[in-house]
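Q: pasting the sequence and the predicted coordinates here, then a few questions.
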Amino acid sequence: MRHIDLFVFQKNTDLNALSAYEAVHHFMNKEECRGLRRFVHWRLSYRDDVDSLEFVKTVTSSSFYLLNTNKEGFYINHFPKASGSDHVVHIDVRNELLQDSQELARKINRKCDVDIVDLKRSVVWECRVQASSYEEARNYVDAHVCDTVSHDQGLLVNPIYESYDFLDQSFVSG
Amino acid sequence: MTSIDVAIIQFPGSNCEYETQECVESVGLSSDIVSWNSSKEHLSTYASFILPGGFSFQDRVRAGVVSSKLPILNHLKSFSKEGRPILGICNGCQILAESGLVPDTQGSELLEMALAPNMKESSSFGFICDWVYVKIKGSGQSVFTKRFDDDDVLPIPVNHGEGNFKFKDSEFIAKNHVSVMHYCTEDGDVDTRFPVNPNGSDLNIAGLSNSKGNVFAMMPHPERASFWYQLPRYLHDDFSRSRRNLSLKEGPWIKLFESLKDYIREGQL
């Protein structure tokens, strides 16, 4: 069994990320937050005997189920290392009500002649933070940007029906 | 000192402000459509506020969350503390939920509920646009529902993709809350199954007030069922029957705006 973490991003301006950043930086005055990007995260397990890139090419060349290559790009398993002095934190947000993507997996298997056994969807926010260390950046995001608690505290996660984890730094290449 | 009865707040992406104003003015209340970036001084001249339906900020991140971070929500919180009425319809309901203004059971304005994506039997099904029935429990305890009876079964349209009420403590809401609107059948039974409950909401909730009764958030659209000609002929309730035989004089939801008028004119619940 092989596994892929597929991170899908908008090639053009991502308005979700733009508005989230406006709200965090300007309306909530979290000025240490210096940038936000948004990725749809597909975690796949499959039985086919091909490598990750080959598998993603097979699925994306014959369907738009996981991404639309006309307007979306992707990273496989790792994000590229960001340039600059800010620290980058990745937050993986899951909707606890919508865990089951097996119906979608069945559609992809039928359409693309592949064998996906498990498929999960979440949203990853890449938050660029002005901080002296990665731990400080992560603690800042955890306390001020993740769980929505009040008007000026938290935005990316609604804790009533969503949960989140920080992605390990091993997801960043280089 | 307030001089105008109602401010209808226009967010970037609101699209129900004009029909809401039509309802407000049809009961004799004065109103303005007011921009989301108005100053607190300007807003303080209004006796009450309505956050209309629409798709503010294109529902980015989650419906209503970006608007809930705007400075105007801080102003509305201070007006709410003074007891001024605030109504959120559909997207306005989502904004009030994300801001903590409803249900606000502890008076702390912390997040206590969410409007999650619509669900049908544990799977998501996207947007819904349909007529449903609701009844209101504790109608006498909210500014906006005082003219209704708890036995009224009222037809009303819903139009949303994220209207699934989820609560931090739904048992507390079930036992203690002041005024709660429930989805029901045309006979008034609170049936939890789809399509009576059109989005999977906890306790079949379609709307509710804060603990003081001056803020009300509802997902269905009362401004689309306030005049007789807005009701469809094909429903099976008494209102639609009257519509078919041409005896209906007004829509079922004009009472919501009349209740607001009572409060503004008399100044008490």
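A: It's in. Numbers count the residues shown, from 1 in each chain, chains lettered A, B, ... in the order given.
Q: list the buried residues for the longest helix anywhere in chain B?
A: In chain B, with assignment by DSSP state H, the single longest helix is helix B:254-266. The neighbour-count check on helix B:254-266 (16 or more other Cβ atoms under 10 Å in any protein chain shown) flags B:254, B:255, B:256, B:257, B:258, B:259, B:260, B:261, B:262, B:263, B:264 as buried. C-beta here means a position set from N, CA and C on the backbone, and glycine is covered the same way.
Q: can you pull the contacts of the last one?
A: For residue B:264, the set of contacting residues under the criterion of Cβ atoms under 8 Å, 6 or more residues apart in numbering or on different chains consists of B:5, B:29, B:47, B:48, B:85.
Q: for residue B:227, same thing?
A: By Cβ under 8 Å, 6+ apart, residue B:227 lies in contact with B:23, B:26, B:250, B:251, B:254.
Q: tell me the phi and psi of the first one?
A: For residue B:23, the backbone dihedrals (degrees, to the nearest 10) come out as phi -70, psi -50.
Q: skipping adjacent residues, who's closest to residue B:182 in space?
A: Leaving aside its chain neighbours, residue B:182 sits nearest to residue B:204 (4.5 Å; criterion: Cβ to Cβ, 6 or more residues apart in numbering or on different chains).
Q: now do the contacts for that neighbour.
A: Counted by Cβ under 8 Å, 6+ apart, residue B:204 has contacts B:182, B:183, B:184, B:190, B:191, B:192, B:196, B:197.
Q: rebuild these as a markdown table, extending it with pLDDT.
A: Listed next are the contacts of residue B:204 as a markdown table, based on pLDDT from 0 to 100:
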| residue | pLDDT |
| --- | --- |
| B:182 | 97 |
| B:183 | 98 |
| B:184 | 98 |
| B:190 | 96 |
| B:191 | 95 |
| B:192 | 94 |
| B:196 | 96 |
| B:197 | 96 |
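Q: any chance of the residues you listed in CSV, plus distance to residue A:122?
A: Below are the contacts of residue B:204 laid out as CSV (distance: Cβ to Cβ, whole Å):
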residue, distance to residue A:122
B:182, 33
B:183, 30
B:184, 35
B:190, 34
B:191, 33
B:192, 28
B:196, 32
B:197, 27
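Q: tell me which of the residues you listed is nearest to chain A?
A: Of all those, residue B:197 has the smallest distance to chain A: 14.5 Å, by Cβ to the nearest Cβ.
Q: tell me how many other residues crowd that closest one.
A: Counted with other Cβ atoms under 10 Å in any protein chain shown, residues neighbouring residue B:197 total 24.
Q: so it: helix, strand or coil?
A: What DSSP: H, G, I helix; E, B strand; the rest coil gives for residue B:197 is coil.
Q: repeat for residue A:98
A: Reduced to three states by three-state DSSP, residue A:98 is coil.
Q: re the thing from before, just the buried residues of the contacts of residue B:264.
A: Judged by 16+ other Cβ under 10 Å, buried ones among those: B:5, B:29, B:47, B:48, B:85.
Q: separation between residue B:113 and chain A?
A: Distance from residue B:113 to chain A, counting by Cβ to the nearest Cβ, to the nearest Å: 6 Å.
Q: tell me the phi and psi of that residue?
A: Torsion angles, degrees, to the nearest 10, at residue B:113: phi -150, psi 170.
Q: with pLDDT added, can I get the buried residues of helix B:254-266 in a markdown table?
A: Shown next, in a markdown table, are these (pLDDT from 0 to 100):
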| residue | pLDDT |
| --- | --- |
| B:254 | 97 |
| B:255 | 97 |
| B:256 | 98 |
| B:257 | 98 |
| B:258 | 97 |
| B:259 | 97 |
| B:260 | 97 |
| B:261 | 97 |
| B:262 | 96 |
| B:263 | 96 |
| B:264 | 95 |
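Q: please name the nearest non-neighbouring residue to residue B:89.
A: residue B:53 (5.0 Å).
Q: still on that earlier bit, so which of the buried ones among the contacts of residue B:264 comes closest to residue A:165?
A: residue B:85 (41.3 Å; Cβ to Cβ).
Q: I'd say the closest one and residue B:144 touch.
A: Yes - Residue B:85 is within contact range of residue B:144, at 6.9 Å (criterion: Cβ atoms under 8 Å).
Q: who touches both of the two?
A: Joint contacts of residue B:85 and residue B:144 (Cβ under 8 Å, 6+ apart) are B:216, B:260.
Q: which of the contacts of residue B:227 are buried? Put it as a ChimeraX command.
A: Applying 16+ other Cβ under 10 Å to the contacts of residue B:227, the buried members can be selected in ChimeraX as follows:
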select /B:23,251,254
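Q: count of neighbours near the one residue in the stretch 151-269 of chain B that gets nearest to chain A?
A: Closest residue of the stretch 151-269 of chain B to chain A, Cβ to the nearest Cβ: residue B:166 (4.9 Å). Using other Cβ under 10 Å, residue B:166 has 20 other residues around it.
Q: that one pairs with what?
A: Following DSSP bridges, residue B:166 is listed with bridge partners residue B:114.
Q: where does it land on pLDDT?
A: Per-residue pLDDT puts residue B:166 at 96.
Q: then residue B:90?
A: 98.
Q: need the buried ones among the contacts of residue B:264 in TSV with pLDDT, distance to chain A and secondary structure, can you?
A: Putting the buried ones among the contacts of residue B:264 into TSV (pLDDT from 0 to 100; distance: Cβ to the nearest Cβ, whole Å; DSSP: H, G, I helix; E, B strand; the rest coil) gives the following:
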residue	pLDDT	distance to chain A	secondary structure
B:5	96	26	strand
B:29	97	28	coil
B:47	97	23	strand
B:48	98	21	strand
B:85	98	20	coil
